[in-house]
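# mind folding the following:
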Amino acid sequence: MALYRHLTPKYINDYGDKAGYMAVAVMNELFLGKPSNPEAGEFLVSNRNRVKSEFLNLKYDENVCLIVSQAIHIYARLAWINGEKEASIIKLHEAVKRLEDAGIYIPGFEQIEPTKFYLSALHFLGETEED
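Below is the predicted model of the structure:
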């Protein structure tokens, strides 16, 4: 949801009333998701190249790169703690590799604790804990 709120305004000028569709399509590309409804599916089919281009442009948004990288670290830590099956860990590794190749994932930065991630996410949204 935070990423949607961050991306949608960026796409208003180029995509108008379809900015939300672009934000969702880019997020699906980012997290290997699938369209959740027929309209989103149609948008993706007719804009596949533009979605890919916007996905690749995420590497220029340092805030997106940071929050996605932090989220992946937290997810990986929780998966390890919860004893996830090897197959899900391998899938996570493949996703990280894909994002790293796209220039979105930031490898090797300081590991973040879940509480600090929460505060970082609030900062990403331009909010404070009191908001």
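# neighbours around the residue nearest to residue 34 when sequence neighbours are not counted, how many?
Of all residues beyond its chain neighbours, the one nearest residue 34 is residue 28 (6.5 Å), with distances taken as CB to CB, 6 or more residues apart in numbering. Backbone N, C-alpha and C define where each C-beta goes, glycine included. A total of 17 residues lie near residue 28 under the criterion other CB atoms under 10 Å.
# now do the contacts for residue 28.
When contacts are counted by CB atoms under 8 Å, 6 or more residues apart in numbering, residue 28 touches 34, 35, 44.
# mind checking what secondary structure the first one has?
The three-state label for residue 34, taken from DSSP: H, G, I helix; E, B strand; the rest coil, comes out as coil.
# hey, where'd the helices end up in the protein?
Read by DSSP state H, the chain holds these helices, from start to end of the chain: 2-15, 19-31, 38-46, 48-57, 62-81, 86-101, 114-124.
# tell me which residues of the first one are tucked away?
In this case it means helix 2-15. If you call a residue buried by 16 or more other CB atoms under 10 Å, then helix 2-15 has these buried ones: 3, 6, 7, 8, 10, 11, 15.
# now the longest one
By neighbour count on 16+ other CB under 10 Å, the buried set for helix 62-81 is 64, 65, 66, 67, 68, 69, 70, 71, 72, 73, 74, 76.
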